[in-house]
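1. with the sequence up front, the predicted model follows.
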Amino acid sequence: MRRHLTEEEKAAKKLANIVSDVRLDLDDVGVYLATLAPNVVYRRLVEIAESAEEEKVRQYDRINISPLF
């Protein structure tokens, strides 16, 4: 039985699909985002990036650091 994706999972998949397009100039996207979107959008993207970084570190530690040492 398949479980339904949460809104957060759906949003994460959309963001991943958008930024995985290597034809997309991320620097230009940042410039347009700063120009066209309110500051809260930028701050929320920073929050997403920081959360992702923390989770990646947790995953790395869980896999690569032996609990015996």
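-> Sure, I can see it. Numbers count the residues shown, from 1 in each chain.
2. going by C-alpha atoms from here, please, whenever you check contacts or count neighbours.
-> Fine.
3. give me the low-pLDDT residue ranges for this protein?
-> 66-69 (pLDDT under 70).
4. show me the longest helix that occurs in it.
-> Counting by DSSP state H, the longest helix found in the chain is helix 39-64.
5. report all helices and strands that that one contacts.
-> If you count contacts as 3 or more C-alpha pairs under 8 Å, 6 or more residues apart in numbering; DSSP states H and E, helix 39-64 packs onto no helix or strand.
6. put the alpha carbons of the one helix or strand Asn17 maps to into CSV.
-> Secondary structure from DSSP states H and E places Asn17 in helix 7-19. C-alpha atoms of helix 7-19 as CSV (Å, rounded to 0.1, in the frame of the first residue of the first chain):
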residue,chain,number,x,y,z
GLU,A,7,3.0,18.7,1.2
GLU,A,8,6.6,19.2,2.4
GLU,A,9,7.7,16.1,0.5
LYS,A,10,6.0,17.3,-2.7
ALA,A,11,7.6,20.7,-2.3
ALA,A,12,11.0,19.1,-1.8
LYS,A,13,10.6,17.0,-5.0
LYS,A,14,9.6,20.1,-6.9
LEU,A,15,12.6,22.1,-5.7
ALA,A,16,14.9,19.2,-6.5
ASN,A,17,13.5,18.9,-10.0
ILE,A,18,13.9,22.6,-10.6
VAL,A,19,17.5,22.9,-9.4
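7. now it: buried residues?
-> Applying a neighbour-count criterion of 16 or more other C-alpha atoms under 10 Å, helix 7-19 contains no buried positions.
8. alright, calling it a day.
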